[in-house]
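sequence? don't have it. structure:
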């Protein structure tokens, strides 16, 4: 006996909203993200553990000592990377704190297209310059591990842990 699945099961349809209901005109409030809120003590503990573990791994690789004292590290490129990183943080502070909080402008791509593109360019400059500074000493793969570890393990976790008031 052959059963046609398409004909045997009833189709589910989405119910249409009634015409006299004004819910279609009201802005919908998005559901909160799943999980713990960002300022929950367990979130702060998790971010602190990630930062601490990343900094310990960098200490184990002797990254800090080699950046300061190794002649194989290109300190000129490292300075360019630091300058680009500081420029990213200054741009972030201007957009989020001054424009966002002080002038009550919504921080989104449509309002800050040029600032977004400058941020992307500065991040690329810092990424390339840090790679050029560290790769003579650590090689390509270990440099990528150090840079991804520092970017995700320290910078992003710190930015998520420190709120913008």
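That came through, no problem. Please read these numbers as outputs of a predicted model, since none were measured by experiment. Numbering: from 1, shown residues only.

can you get me a residue count around residue 101?
By other CB atoms under 10 Å, 12 other residues sit near residue 101. Using the backbone N, CA and C atoms, a C-beta is placed for each residue, glycine as well.

show me the shaky parts of the protein.
1-27, 32, 164-165 (pLDDT under 70).

longest helix in it, by residue count?
In the chain, ranked by residue count with DSSP state H as the criterion, the top helix is helix 113-150.

any idea how far residue 35 lies from residue 43?
Here residue 35 is placed at a distance of 8 Å from residue 43 (CB to CB, to the nearest Å).

looking at those two, which is more packed in?
Ranked by neighbour count (other CB under 10 Å), residue 35 and residue 43 place residue 43 first, with 15 against 9.

quick one: residues contacting that one.
When the contact criterion is CB atoms under 8 Å, 6 or more residues apart in numbering, the partners of residue 43 are 36, 37.

name the SS class of residue 36, please.
Under DSSP: H, G, I helix; E, B strand; the rest coil, residue 36 falls in the coil class.

residues in contact with it?
Residues counted as contacts of residue 36 (CB under 8 Å, 6+ apart) are 42, 43.

from residue 91, how far off is it?
Residue 36 sits 30 Å away from residue 91, going by CB to CB.

and residue 138, by the same measure?
Taking CB to CB, one finds residue 138 at 29 Å from residue 91.

before we move on, what about residue 30?
28 Å.

from the contact counts, what lies against the longest helix of the chain?
On a contact count with 3 or more CB pairs under 8 Å, 6 or more residues apart in numbering; DSSP states H and E, helix 113-150 meets helix 41-60, helix 63-69, helix 75-93.

ok, residues contacting the shortest one?
Contact with helix 63-69 is made by 58, 72, 73, 78, 134, 137, 146, as judged by CB under 8 Å, 6+ apart.
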